[in-house]
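Enquirer: When you get a sec, could you give me coordinates for this:
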Amino acid sequence: MPDTLRDIVLRGQPSETFYMAANQDLLKSLRYVQLNGQFQHTSIFKNMVATILLETVHREPGEERKDSYNKRLNFKVDSFNRLDKLSQLDLMNKLWDDCYRAVPPSTDASAMMDGNNTVIGKGSLPSSIRRVDGTGFFARIEPGLVQDAWKKWKVGFRIDGGKGGAGSTRDDLTRISTEGSKPLQKNPDLALKIIGKYYHGHRSSILPNLYIGYQNRDLYNESGTCVSRSLFGATAFPYRDTENDKGGLPLRLGGGLAFQYLFAIDCNGAKGVDTEKEQINMGNNSLWRPGEKAFPGFGADRILGWTRIVRMGQQIPAERSPLATGWSFKFVDSKWTWIKPPGTELKAYLDDELATWLPGTTYNIPAQYDFQQA
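Expert: As a prediction, the model looks like this:
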């Protein structure tokens, strides 16, 4: 049987480096036609093809795109090699569009929804959240002191970067506090360095659009800079581990970190995508209850301050506990270090949101406060 584009992924091999999981022999065979000649691609183009295929072969396409999706993945490598470079790039762009819906960052933060004023039920959680006094490891939560805190201040929270453990010189604080947070897909060189993905030359790295997957009905993380409406929610994404080498991941992918940085970010006046509202509109239990918002990056001038956090992922498997865990974490000292000190009222709110989680104490969050459950 002739090799297809799909085979570049299906005949790949496990690798700590994302793009290397594609079949390297098939990638090396890629060529393009120009002026009646056939030429070998640069490693950058071939690894971009690998990245896009790895991000689409195991995804579900949009309902009306299944035929075009399968047609493109079944495209023979020999036929691909007889196309010019622009036609090949067009095929990669359209394959991406089969799996991810483009959403322009056009919604002002002030127009984005806030949460409910209760933690009961299946809906969006409040933006201000406190731990119920007296609850320890198996933490329970309740609405905090400020109703509609997102609408009032438009402050979001996200974890970004960290400090390496013993023997590591890694510390991302200076980079983030001086450069801000940028979507990796829109910064291909940084994406390659941090997550081992090549977006170079692909349309998704050039256009300002953010992307939502048809399959998981959630933002493609690398296309935007996500924040949670609540400090509580920021402890959970984009993943749940600090020592991410538990899965064998290298330092470049977050393994071996001593702690990470949780930032408070001023989103007032920024335009993005209300992913929380998008999730509600898509239904089918798509909602992440703490409330996610996505933006095309933030400048350093929007960072109010940071604190240190350690995350432990899912410590107790659901089958071993009636209190099925969503994620676990502890704050190192439960104090803010201010970069752009907020006003008195906002500072009091931010201090209270952090102080409810005692320093050095590990808390486990039940799954009922995570993604909406059936």
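Enquirer: All the strands of the stretch 251-374 of the chain, residue numbers only.
Expert: 257-266, 271-272, 292-295, 303-313, 325-331, 337-338, 363-366 (DSSP state E, counting those that start in this stretch).
Enquirer: For residue 93, which of the ones you listed is the nearest?
Expert: Nearest to residue 93, of all the strands of the stretch 251-374 of the chain, is strand 292-295, at 21.1 Å by CB to CB. Every residue, glycine included, has its C-beta placed from N, CA and C.
Enquirer: Flag every buried residue along that closest one.
Expert: Judged by neighbour count (16 or more other CB atoms under 10 Å), strand 292-295 contains these buried residues: 292, 293, 294, 295.
Enquirer: Packing partners of that strand?
Expert: Judged by 3 or more CB pairs under 8 Å, 6 or more residues apart in numbering; DSSP states H and E, strand 292-295 is in contact with strand 225-228, strand 271-272, helix 275-282.
Enquirer: That one: how far from the chain's middle?
Expert: In terms of CA atoms, centre = their mean, to the nearest Å, the centre of strand 292-295 is found 10 Å from the chain centre.
Enquirer: got a list of contacts for that strand?
Expert: 105, 109, 112, 156, 210, 219, 223-229, 233, 237, 267, 270-276, 279 (CB atoms under 8 Å, 6 or more residues apart in numbering).
Enquirer: What count of nearby residues applies to residue 273?
Expert: By other CB atoms under 10 Å, 26 other residues sit near residue 273.
Enquirer: what comes up buried for stretch 342-357?
Expert: 342, 346, 349, 350, 353, 354, 356, 357.
Enquirer: Tabulate the CA atom coordinates of that stretch in CSV.
Expert: Output of stretch 342-357 as CSV, limited to C-alpha atoms (Å, rounded to 0.1, in the frame of the first residue of the first chain):
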residue,chain,number,x,y,z
PRO,A,342,-3.1,47.5,42.7
GLY,A,343,-5.3,50.0,44.5
THR,A,344,-6.4,49.4,48.0
GLU,A,345,-9.7,47.7,47.3
LEU,A,346,-8.4,45.4,44.6
LYS,A,347,-5.3,44.6,46.7
ALA,A,348,-7.5,43.6,49.6
TYR,A,349,-9.5,41.3,47.2
LEU,A,350,-6.4,39.7,45.8
ASP,A,351,-4.9,39.2,49.2
ASP,A,352,-8.1,37.5,50.5
GLU,A,353,-8.3,35.2,47.5
LEU,A,354,-4.8,33.9,48.2
ALA,A,355,-4.9,33.9,52.0
THR,A,356,-7.7,31.4,52.1
TRP,A,357,-5.2,28.8,51.0
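Enquirer: ok, residues contacting it?
Expert: 128-131, 144-146, 149, 153, 155, 230-232, 264, 304-305, 307, 330-331, 334-336, 341, 363.
Enquirer: could you redo the last one with a cut-off of 6 Å?
Expert: Stretch 342-357 has contacts (CB atoms under 6 Å, 6 or more residues apart in numbering) with 130, 131, 146, 153, 231, 264, 304, 331, 334.
Enquirer: In contact with the last one, which residues?
Expert: Translated: residue 334. Neighbours of residue 334 in contact, by CB under 6 Å, 6+ apart: 354, 355, 357, 359.
Enquirer: same thing with the third one?
Expert: Residues in contact with residue 146 (CB under 6 Å, 6+ apart) are 128, 349.
Enquirer: For residue 117, see how far away it is.
Expert: From residue 146 across to residue 117, the span is 10 Å (CB to CB, to the nearest Å).
Enquirer: do the same with the second one
Expert: If you measure residue 131 against residue 117 using CB to CB, the figure is 17 Å.
Enquirer: More neighbours: which of those two?
Expert: More neighbours surround residue 131 than the other of residue 131 and residue 117, with 20 against 13 (other CB under 10 Å).
Enquirer: The strands of the stretch 251-374 of the chain: lowest mean pLDDT?
Expert: Lowest mean pLDDT within the strands of the stretch 251-374 of the chain: strand 325-331, at a mean of 87.
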